[in-house]
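Student: My questions are about this predicted structure, shown below with the sequence.
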Amino acid sequence: MSNINKIQFLKNVEIKDISYADLDKIMLLITEEYGNNYQEQEFYQENIIKNYIKRNLNNEGVHWKGAFYEGNLVGQLISEIIHGIAYLKLAIVKQQFKRMGVMKLLSYYIERVCHEHTGSDFKCVHALISNENIAMQKHIVKYNYVRLGTTPPWELNKFFYIFGIIVYDYRWKLCVPNPKFYVEIFNTVKSNKLNRFISINPSFSNVQSQTYDYEIDSIRFEQLPNPFPQKIGILSPKNEIVAEISENKYQKSWYDLLFTKELNYRTKELIVKNILDKFEHNESINSLSIPININDQRLQNLLLIYKLKYFAYLPFYLNGLDAILMGKTKIKN
Ligand SMILES: CC(C)(COP(=O)(O)OP(=O)(O)OC[C@H]1O[C@@H](n2cnc3c(N)ncnc32)[C@H](O)[C@@H]1OP(=O)(O)O)[C@@H](O)C(=O)NCCC(=O)NCCS
(Lines give C-alpha, C1' and ligand atoms only; values in the text may rest on other atoms or scores of the structure.)
Protein backbone atom coordinates (compact mmCIF):
# COMPACT_ATOMS: atom_id res chain seq x y z
CA MET A 1 0.00 0.00 0.00
CA SER A 2 1.19 3.52 -0.70
CA ASN A 3 1.88 5.97 2.09
CA ILE A 4 -1.33 7.89 1.57
CA ASN A 5 -3.38 4.69 1.85
CA LYS A 6 -1.52 3.87 5.03
CA ILE A 7 -2.48 7.22 6.53
CA GLN A 8 -6.12 6.84 5.44
CA PHE A 9 -6.17 3.32 6.83
CA LEU A 10 -4.81 4.44 10.22
CA LYS A 11 -7.36 7.26 10.40
CA ASN A 12 -10.07 4.63 10.23
CA VAL A 13 -8.53 2.35 12.81
CA GLU A 14 -10.25 2.56 16.16
CA ILE A 15 -8.38 1.62 19.34
CA LYS A 16 -10.72 0.22 21.99
CA ASP A 17 -10.69 -1.85 25.14
CA ILE A 18 -11.15 -5.52 24.38
CA SER A 19 -14.51 -6.81 25.62
CA TYR A 20 -16.24 -10.16 26.02
CA ALA A 21 -17.85 -9.75 22.57
CA ASP A 22 -14.37 -10.00 21.00
CA LEU A 23 -13.60 -13.51 22.24
CA ASP A 24 -13.87 -15.25 18.85
CA LYS A 25 -11.92 -12.50 17.11
CA ILE A 26 -9.10 -12.81 19.65
CA MET A 27 -8.86 -16.57 19.13
CA LEU A 28 -8.86 -16.09 15.36
CA LEU A 29 -6.00 -13.59 15.55
CA ILE A 30 -3.94 -15.95 17.72
CA THR A 31 -4.53 -19.07 15.63
CA GLU A 32 -4.00 -17.29 12.29
CA GLU A 33 -0.56 -16.20 13.51
CA TYR A 34 0.56 -19.12 15.67
CA GLY A 35 -1.77 -22.07 15.09
CA ASN A 36 -1.76 -23.92 18.41
CA ASN A 37 1.81 -23.02 19.28
CA TYR A 38 1.57 -19.60 20.91
CA GLN A 39 4.11 -19.66 23.71
CA GLU A 40 1.64 -18.43 26.36
CA GLN A 41 -0.61 -21.47 26.15
CA GLU A 42 -2.99 -19.97 28.73
CA PHE A 43 -4.48 -17.76 26.00
CA TYR A 44 -6.09 -20.81 24.39
CA GLN A 45 -8.37 -21.15 27.40
CA GLU A 46 -11.64 -19.25 27.27
CA ASN A 47 -11.94 -18.86 31.05
CA ILE A 48 -8.46 -17.34 31.26
CA ILE A 49 -9.13 -14.93 28.39
CA LYS A 50 -12.39 -13.92 30.09
CA ASN A 51 -10.52 -13.30 33.32
CA TYR A 52 -8.04 -11.03 31.51
CA ILE A 53 -10.97 -9.15 29.91
CA LYS A 54 -12.63 -8.74 33.30
CA ARG A 55 -9.43 -7.38 34.82
CA ASN A 56 -9.05 -5.07 31.84
CA LEU A 57 -12.56 -3.68 32.14
CA ASN A 58 -12.25 -3.29 35.94
CA ASN A 59 -8.76 -1.77 35.67
CA GLU A 60 -7.24 -4.56 37.78
CA GLY A 61 -3.67 -4.45 36.48
CA VAL A 62 -4.48 -5.47 32.90
CA HIS A 63 -4.62 -3.13 29.92
CA TRP A 64 -5.78 -4.84 26.75
CA LYS A 65 -6.32 -2.74 23.65
CA GLY A 66 -7.61 -3.90 20.29
CA ALA A 67 -7.22 -2.18 16.93
CA PHE A 68 -10.47 -2.39 14.94
CA TYR A 69 -10.86 -1.68 11.24
CA GLU A 70 -14.34 -1.83 9.75
CA GLY A 71 -15.46 -3.75 12.83
CA ASN A 72 -12.72 -6.39 12.51
CA LEU A 73 -10.01 -6.95 15.09
CA VAL A 74 -6.77 -6.34 13.18
CA GLY A 75 -4.33 -6.10 16.09
CA GLN A 76 -4.02 -6.36 19.87
CA LEU A 77 -1.62 -5.75 22.73
CA ILE A 78 -1.81 -6.53 26.45
CA SER A 79 0.15 -4.94 29.25
CA GLU A 80 -0.18 -6.83 32.54
CA ILE A 81 1.17 -5.03 35.57
CA ILE A 82 2.49 -7.18 38.42
CA HIS A 83 4.26 -5.53 41.38
CA GLY A 84 5.06 -2.42 39.35
CA ILE A 85 6.35 -4.23 36.27
CA ALA A 86 4.33 -4.18 33.05
CA TYR A 87 4.72 -7.30 30.93
CA LEU A 88 3.83 -6.95 27.26
CA LYS A 89 1.85 -9.89 25.89
CA LEU A 90 -0.14 -10.98 22.87
CA ALA A 91 1.32 -8.40 20.47
CA ILE A 92 -0.22 -9.53 17.18
CA VAL A 93 -1.24 -7.73 14.00
CA LYS A 94 -3.30 -9.47 11.32
CA GLN A 95 -1.20 -10.58 8.35
CA GLN A 96 -2.65 -8.28 5.68
CA PHE A 97 -2.40 -5.21 7.97
CA LYS A 98 1.20 -5.65 9.05
CA ARG A 99 3.68 -2.84 8.40
CA MET A 100 0.83 -0.29 8.41
CA GLY A 101 1.55 1.25 11.82
CA VAL A 102 -1.01 -0.74 13.84
CA MET A 103 1.47 -1.86 16.50
CA LYS A 104 2.81 1.68 16.78
CA LEU A 105 -0.71 2.91 17.46
CA LEU A 106 -1.40 0.16 20.00
CA SER A 107 1.93 0.74 21.77
CA TYR A 108 1.16 4.45 22.06
CA TYR A 109 -2.24 3.79 23.65
CA ILE A 110 -0.93 1.12 25.99
CA GLU A 111 1.90 3.37 27.13
CA ARG A 112 -0.48 6.25 27.78
CA VAL A 113 -3.01 4.17 29.64
CA CYS A 114 -0.34 2.56 31.85
CA HIS A 115 0.93 5.99 32.87
CA GLU A 116 -2.56 7.29 33.56
CA HIS A 117 -3.78 4.41 35.67
CA THR A 118 -0.87 3.12 37.66
CA GLY A 119 0.87 6.19 39.05
CA SER A 120 4.14 5.86 40.89
CA ASP A 121 3.72 2.12 41.39
CA PHE A 122 4.50 1.52 37.71
CA LYS A 123 8.28 1.25 37.49
CA CYS A 124 9.28 -0.56 34.34
CA VAL A 125 8.22 -2.63 31.36
CA HIS A 126 9.60 -6.04 30.42
CA ALA A 127 9.15 -7.79 27.09
CA LEU A 128 10.38 -11.22 26.11
CA ILE A 129 11.11 -11.27 22.38
CA SER A 130 12.39 -14.21 20.36
CA ASN A 131 15.86 -13.70 18.90
CA GLU A 132 14.31 -14.50 15.51
CA ASN A 133 11.63 -11.81 15.77
CA ILE A 134 13.44 -8.92 14.12
CA ALA A 135 10.22 -6.92 13.51
CA MET A 136 9.32 -6.68 17.22
CA GLN A 137 12.92 -6.00 18.24
CA LYS A 138 13.17 -3.13 15.74
CA HIS A 139 9.84 -1.78 16.92
CA ILE A 140 10.66 -1.85 20.60
CA VAL A 141 14.08 -0.18 20.43
CA LYS A 142 12.39 2.84 18.86
CA TYR A 143 10.66 3.25 22.24
CA ASN A 144 14.09 3.28 23.93
CA TYR A 145 13.83 -0.23 25.33
CA VAL A 146 17.22 -1.79 26.00
CA ARG A 147 18.37 -5.36 26.25
CA LEU A 148 18.54 -6.55 29.85
CA GLY A 149 19.95 -9.89 28.73
CA THR A 150 18.68 -13.16 27.34
CA THR A 151 17.15 -16.41 28.48
CA PRO A 152 19.31 -19.51 28.14
CA PRO A 153 18.78 -21.13 24.70
CA TRP A 154 16.25 -24.01 24.75
CA GLU A 155 17.08 -25.13 21.21
CA LEU A 156 19.96 -24.45 18.88
CA ASN A 157 19.99 -20.70 18.12
CA LYS A 158 16.66 -20.16 19.88
CA PHE A 159 16.40 -17.90 22.89
CA PHE A 160 14.51 -14.80 24.05
CA TYR A 161 15.93 -11.33 24.44
CA ILE A 162 14.68 -9.71 27.61
CA PHE A 163 13.97 -6.08 26.77
CA GLY A 164 13.11 -3.47 29.34
CA ILE A 165 12.51 0.20 29.90
CA ILE A 166 12.62 2.00 33.21
CA VAL A 167 9.63 4.27 33.58
CA TYR A 168 10.11 5.51 37.10
CA ASP A 169 13.21 4.89 39.21
CA TYR A 170 12.46 6.95 42.27
CA ARG A 171 15.42 6.49 44.60
CA TRP A 172 19.00 5.32 44.67
CA LYS A 173 19.58 1.74 45.66
CA LEU A 174 22.66 -0.02 46.92
CA CYS A 175 23.33 -3.34 45.20
CA VAL A 176 25.87 -5.86 46.41
CA PRO A 177 26.03 -8.55 43.72
CA ASN A 178 28.50 -11.37 43.43
CA PRO A 179 31.76 -9.77 42.22
CA LYS A 180 31.78 -12.16 39.24
CA PHE A 181 28.77 -10.34 37.75
CA TYR A 182 30.00 -6.82 38.38
CA VAL A 183 30.87 -5.87 34.79
CA GLU A 184 27.62 -7.07 33.20
CA ILE A 185 25.55 -5.46 35.93
CA PHE A 186 27.42 -2.20 35.75
CA ASN A 187 26.89 -2.05 31.96
CA THR A 188 23.16 -2.72 32.24
CA VAL A 189 22.75 -0.19 35.02
CA LYS A 190 24.57 2.41 32.91
CA SER A 191 22.66 1.75 29.70
CA ASN A 192 19.35 1.87 31.59
CA LYS A 193 20.29 5.05 33.46
CA LEU A 194 19.32 3.26 36.67
CA ASN A 195 19.90 4.87 40.06
CA ARG A 196 22.10 2.18 41.53
CA PHE A 197 25.21 2.17 43.67
CA ILE A 198 26.94 -1.10 42.93
CA SER A 199 29.37 -2.35 45.48
CA ILE A 200 31.26 -5.53 45.99
CA ASN A 201 32.68 -4.13 49.20
CA PRO A 202 32.17 -6.61 52.07
CA SER A 203 31.53 -3.72 54.46
CA PHE A 204 28.15 -3.36 52.77
CA SER A 205 27.37 -6.98 53.40
CA ASN A 206 24.47 -5.99 55.67
CA VAL A 207 22.49 -5.46 52.49
CA GLN A 208 22.44 -9.15 51.84
CA SER A 209 22.25 -10.39 55.41
CA GLN A 210 18.46 -10.43 55.61
CA THR A 211 17.40 -13.68 57.24
CA TYR A 212 14.09 -15.42 56.99
CA ASP A 213 12.51 -17.90 59.37
CA TYR A 214 10.80 -19.81 56.68
CA GLU A 215 12.42 -23.20 56.59
CA ILE A 216 11.15 -26.57 55.42
CA ASP A 217 12.67 -30.03 55.37
CA SER A 218 10.86 -31.59 52.50
CA ILE A 219 9.18 -30.40 49.35
CA ARG A 220 6.71 -31.77 46.80
CA PHE A 221 6.22 -30.96 43.14
CA GLU A 222 2.66 -30.62 41.89
CA GLN A 223 1.05 -29.43 38.67
CA LEU A 224 -0.89 -26.27 39.59
CA PRO A 225 -4.54 -26.02 38.56
CA ASN A 226 -6.06 -23.15 36.56
CA PRO A 227 -5.27 -20.29 36.29
CA PHE A 228 -1.71 -21.66 36.23
CA PRO A 229 -1.91 -24.39 33.59
CA GLN A 230 1.77 -24.11 32.69
CA LYS A 231 3.11 -24.11 36.21
CA ILE A 232 4.45 -26.69 38.60
CA GLY A 233 4.22 -25.70 42.24
CA ILE A 234 6.84 -26.59 44.81
CA LEU A 235 4.90 -27.18 47.97
CA SER A 236 5.87 -27.28 51.61
CA PRO A 237 4.55 -30.03 53.91
CA LYS A 238 1.83 -27.52 54.88
CA ASN A 239 0.76 -27.26 51.21
CA GLU A 240 2.06 -23.73 50.76
CA ILE A 241 3.48 -22.86 47.34
CA VAL A 242 7.04 -21.77 48.14
CA ALA A 243 8.28 -21.71 44.54
CA GLU A 244 6.95 -22.21 41.04
CA ILE A 245 8.34 -23.60 37.83
CA SER A 246 6.99 -22.25 34.56
CA GLU A 247 7.20 -24.92 31.93
CA ASN A 248 5.77 -25.85 28.58
CA LYS A 249 7.28 -22.93 26.74
CA TYR A 250 8.26 -24.57 23.47
CA GLN A 251 7.90 -28.27 24.15
CA LYS A 252 8.66 -28.04 27.87
CA SER A 253 12.31 -27.46 27.04
CA TRP A 254 12.71 -24.39 29.20
CA TYR A 255 12.18 -24.34 32.96
CA ASP A 256 12.04 -21.10 34.91
CA LEU A 257 12.16 -21.36 38.70
CA LEU A 258 10.75 -18.55 40.81
CA PHE A 259 10.78 -18.40 44.62
CA THR A 260 7.37 -17.17 45.75
CA LYS A 261 8.12 -17.06 49.49
CA GLU A 262 10.98 -15.47 51.37
CA LEU A 263 12.85 -18.64 52.21
CA ASN A 264 15.99 -19.13 54.23
CA TYR A 265 19.16 -20.34 52.56
CA ARG A 266 18.85 -23.99 53.59
CA THR A 267 15.39 -24.27 52.03
CA LYS A 268 16.46 -22.52 48.83
CA GLU A 269 19.43 -24.87 48.62
CA LEU A 270 17.12 -27.87 48.99
CA ILE A 271 14.86 -26.62 46.18
CA VAL A 272 17.72 -25.70 43.87
CA LYS A 273 19.35 -29.11 44.29
CA ASN A 274 16.04 -30.82 43.50
CA ILE A 275 15.50 -28.74 40.38
CA LEU A 276 19.05 -29.26 39.17
CA ASP A 277 18.61 -32.98 39.60
CA LYS A 278 15.40 -32.86 37.51
CA PHE A 279 17.18 -30.76 34.92
CA GLU A 280 20.15 -33.12 34.62
CA HIS A 281 18.05 -36.28 34.41
CA ASN A 282 15.07 -35.20 32.32
CA GLU A 283 16.09 -35.24 28.68
CA SER A 284 13.18 -33.08 27.56
CA ILE A 285 14.34 -30.09 29.60
CA ASN A 286 17.02 -28.22 27.71
CA SER A 287 17.40 -25.11 29.76
CA LEU A 288 16.85 -23.78 33.22
CA SER A 289 16.71 -20.24 34.52
CA ILE A 290 16.38 -18.85 38.03
CA PRO A 291 15.89 -15.17 38.95
CA ILE A 292 17.74 -14.44 42.19
CA ASN A 293 17.75 -11.43 44.47
CA ILE A 294 20.69 -9.32 43.37
CA ASN A 295 22.06 -9.19 46.92
CA ASP A 296 21.80 -12.90 47.59
CA GLN A 297 25.48 -13.62 47.07
CA ARG A 298 25.25 -16.92 48.92
CA LEU A 299 22.71 -18.45 46.55
CA GLN A 300 24.58 -16.96 43.58
CA ASN A 301 27.72 -18.70 44.80
CA LEU A 302 25.90 -22.01 45.10
CA LEU A 303 24.64 -21.71 41.53
CA LEU A 304 28.09 -20.81 40.28
CA ILE A 305 29.37 -24.03 41.83
CA TYR A 306 26.69 -25.86 39.80
CA LYS A 307 27.96 -24.04 36.70
CA LEU A 308 24.99 -21.75 36.17
CA LYS A 309 25.86 -18.53 34.37
CA TYR A 310 24.71 -14.92 34.39
CA PHE A 311 22.06 -14.22 31.72
CA ALA A 312 20.26 -10.98 32.55
CA TYR A 313 19.72 -8.13 34.98
CA LEU A 314 16.06 -7.73 35.96
CA PRO A 315 15.30 -4.44 37.72
CA PHE A 316 12.39 -4.58 40.22
CA TYR A 317 11.68 -8.20 39.24
CA LEU A 318 11.25 -9.76 42.69
CA ASN A 319 8.46 -7.76 44.33
CA GLY A 320 10.28 -4.51 43.60
CA LEU A 321 13.76 -5.84 44.37
CA ASP A 322 16.28 -6.19 41.57
CA ALA A 323 17.16 -9.69 40.41
CA ILE A 324 19.70 -11.32 38.20
CA LEU A 325 18.80 -14.22 35.96
CA MET A 326 21.13 -17.18 36.27
CA GLY A 327 20.76 -20.19 34.03
CA LYS A 328 22.08 -23.28 32.42
CA THR A 329 21.56 -24.94 29.04
CA LYS A 330 22.31 -28.30 27.46
CA ILE A 331 22.39 -26.70 24.00
CA LYS A 332 25.85 -26.32 22.57
CA ASN A 333 26.59 -23.90 19.77
C1 LIG B 1 5.70 -7.57 15.28
C2 LIG B 1 4.34 -7.03 14.83
C3 LIG B 1 3.39 -7.04 16.03
C4 LIG B 1 4.52 -5.60 14.31
O5 LIG B 1 3.25 -5.05 14.03
P6 LIG B 1 3.02 -3.99 12.84
O7 LIG B 1 1.69 -3.38 13.03
O8 LIG B 1 3.28 -4.67 11.56
O9 LIG B 1 4.16 -2.93 13.15
P10 LIG B 1 4.15 -1.41 12.69
O11 LIG B 1 3.65 -1.31 11.28
O12 LIG B 1 3.43 -0.59 13.71
O13 LIG B 1 5.67 -1.09 12.69
C14 LIG B 1 6.35 -0.62 13.83
C15 LIG B 1 7.86 -0.80 13.64
O16 LIG B 1 8.19 -2.18 13.77
C17 LIG B 1 9.29 -2.52 12.91
N18 LIG B 1 8.83 -3.53 11.97
C19 LIG B 1 7.57 -3.99 11.80
N20 LIG B 1 7.56 -4.99 10.89
C21 LIG B 1 8.84 -5.17 10.49
C22 LIG B 1 9.46 -6.07 9.58
N23 LIG B 1 8.76 -6.97 8.91
N24 LIG B 1 10.80 -5.98 9.44
C25 LIG B 1 11.52 -5.07 10.13
N26 LIG B 1 10.97 -4.19 11.00
C27 LIG B 1 9.65 -4.24 11.18
C28 LIG B 1 9.66 -1.24 12.19
O29 LIG B 1 10.66 -0.64 12.95
C30 LIG B 1 8.37 -0.45 12.26
O31 LIG B 1 8.57 0.94 12.17
P32 LIG B 1 8.69 1.64 10.70
O33 LIG B 1 7.53 1.14 9.91
O34 LIG B 1 8.63 3.09 11.03
O35 LIG B 1 10.00 1.17 10.15
C36 LIG B 1 3.74 -7.90 13.68
O37 LIG B 1 4.72 -8.10 12.70
C38 LIG B 1 3.24 -9.25 14.13
O39 LIG B 1 2.06 -9.42 14.44
N40 LIG B 1 4.13 -10.26 14.17
C41 LIG B 1 3.77 -11.61 14.58
C42 LIG B 1 3.51 -11.69 16.05
C43 LIG B 1 4.71 -11.24 16.85
O44 LIG B 1 5.83 -11.51 16.48
N45 LIG B 1 4.46 -10.58 17.99
C46 LIG B 1 5.49 -10.13 18.88
C47 LIG B 1 5.75 -11.13 19.94
S48 LIG B 1 6.97 -10.56 21.08
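Tutor: It's in.

Student: Could you list the paired strands of the host helix or strand of I129 along with their orientation?
Tutor: Following DSSP states H and E, one finds I129 within strand 124-130. Partner strands and pairing direction for strand 124-130 (DSSP bridges) are strand 85-93 (parallel), strand 160-166 (antiparallel).

Student: which one of those strands lies closest to N47?
Tutor: Distances from N47 to each of the strands paired with strand 124-130 were compared using Cβ to Cβ; the minimum, 16.3 Å, belongs to strand 85-93. (Glycine included, C-beta is placed from N, CA and C.)

Student: follow-up on the earlier one: a markdown table for the strands paired with strand 124-130, including distance to G327 and mean pLDDT?
Tutor: Listed next are the strands paired with strand 124-130 as a markdown table, based on distance: least, Cβ to Cβ, whole Å; pLDDT from 0 to 100:
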| stretch | distance to G327 | mean pLDDT |
| --- | --- | --- |
| strand 85-93 | 19 | 93 |
| strand 160-166 | 11 | 92 |
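
Student: Spell out which residues of the stretch 101-250 of the chain are next to the ligand.
Tutor: With Cβ under 6 Å from any ligand atom as the criterion, the stretch 101-250 of the chain comes near the ligand at residues G101, V102, M103, K104, I129, N133, I134, A135, M136, K138, H139, K142.

Student: What lies in contact with whichever helix or strand the fourth one is part of?
Tutor: Remark: K104 resides in helix 102-118, with elements defined by DSSP H and E. Contacts to helix 102-118, defined as Cβ atoms under 8 Å, 6 or more residues apart in numbering, come from residues 10, 13, 15, 59, 63, 65, 67, 74-77, 79, 81, 84, 86, 88, 91, 93, 122, 125, 139, 143, 167.

Student: so where is the stretch 1-150 of the chain shaky, pLDDT-wise?
Tutor: Per-residue confidence of the stretch 1-150 of the chain (counting by pLDDT under 70) places the weak regions at 1-4, 117-120.

Student: Tell me where the stretch 101-250 of the chain has strands.
Tutor: Along the stretch 101-250 of the chain, counting by DSSP state E, counting those that start in this stretch, strands occupy 124-130, 146-150, 160-166, 173-175, 196-198, 220-223, 231-235, 241-249.

Student: got these as a markdown table, with mean neighbour count columns?
Tutor: Shown next, in a markdown table, are the strands of the stretch 101-250 of the chain (neighbours: other Cβ atoms under 10 Å):
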| stretch | mean neighbour count |
| --- | --- |
| strand 124-130 | 20 |
| strand 146-150 | 19 |
| strand 160-166 | 21 |
| strand 173-175 | 19 |
| strand 196-198 | 17 |
| strand 220-223 | 12 |
| strand 231-235 | 20 |
| strand 241-249 | 19 |
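
Student: Turn the ones you listed into a markdown table, including distance to R298.
Tutor: What follows is these, written out as a markdown table (distance: least, Cβ to Cβ, whole Å):
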| stretch | distance to R298 |
| --- | --- |
| strand 124-130 | 26 |
| strand 146-150 | 22 |
| strand 160-166 | 24 |
| strand 173-175 | 15 |
| strand 196-198 | 18 |
| strand 220-223 | 24 |
| strand 231-235 | 19 |
| strand 241-249 | 17 |
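
Student: what are the ranges of the helices in this structure?
Tutor: When assigned using DSSP state H, the helices of the chain occupy the ranges 3-11, 23-34, 46-57, 102-118, 134-141, 182-191, 265-281, 297-305.

Student: residues touching the residue of the stretch 151-300 of the chain found nearest the ligand, list them.
Tutor: Using Cβ to the nearest ligand atom, F160 is the residue of the stretch 151-300 of the chain that sits closest to the ligand, at 8.6 Å. Under the criterion of Cβ under 8 Å, 6+ apart, the neighbours of F160 are L128, I129, S130, N131, T150, T151.

Student: got it, and K98?
Tutor: Counting by Cβ under 8 Å, 6+ apart, K98 makes contact with A135.

Student: per-residue pLDDT, the residue nearest to P315 when sequence neighbours are not counted?
Tutor: Nearest non-adjacent residue to P315, counting by Cβ to Cβ, 6 or more residues apart in numbering: D322, 5.2 Å away. Here, the pLDDT recorded for D322 equals 93.

Student: And for N226?
Tutor: Reading off the confidence values, N226 has pLDDT 67.

Student: go on, Y214?
Tutor: Among the per-residue scores, Y214 holds a pLDDT of 67.

Student: Could you chop the protein up by domain?
Tutor: Per the record's domain assignment (automatic domain parsing), the chain is made up of the domains 3-116, 169-333.

Student: now the first one, how far from the chain's geometric center?
Tutor: When you say that, I think you mean domain 3-116. Taking the mean of its C-alpha atoms, domain 3-116 sits 18 Å from the chain's own mean (Cα atoms, centre = their mean, to the nearest Å).

Student: what does the last one give?
Tutor: Computed by Cα atoms, centre = their mean, the chain-centroid distance of domain 169-333 equals 13 Å.
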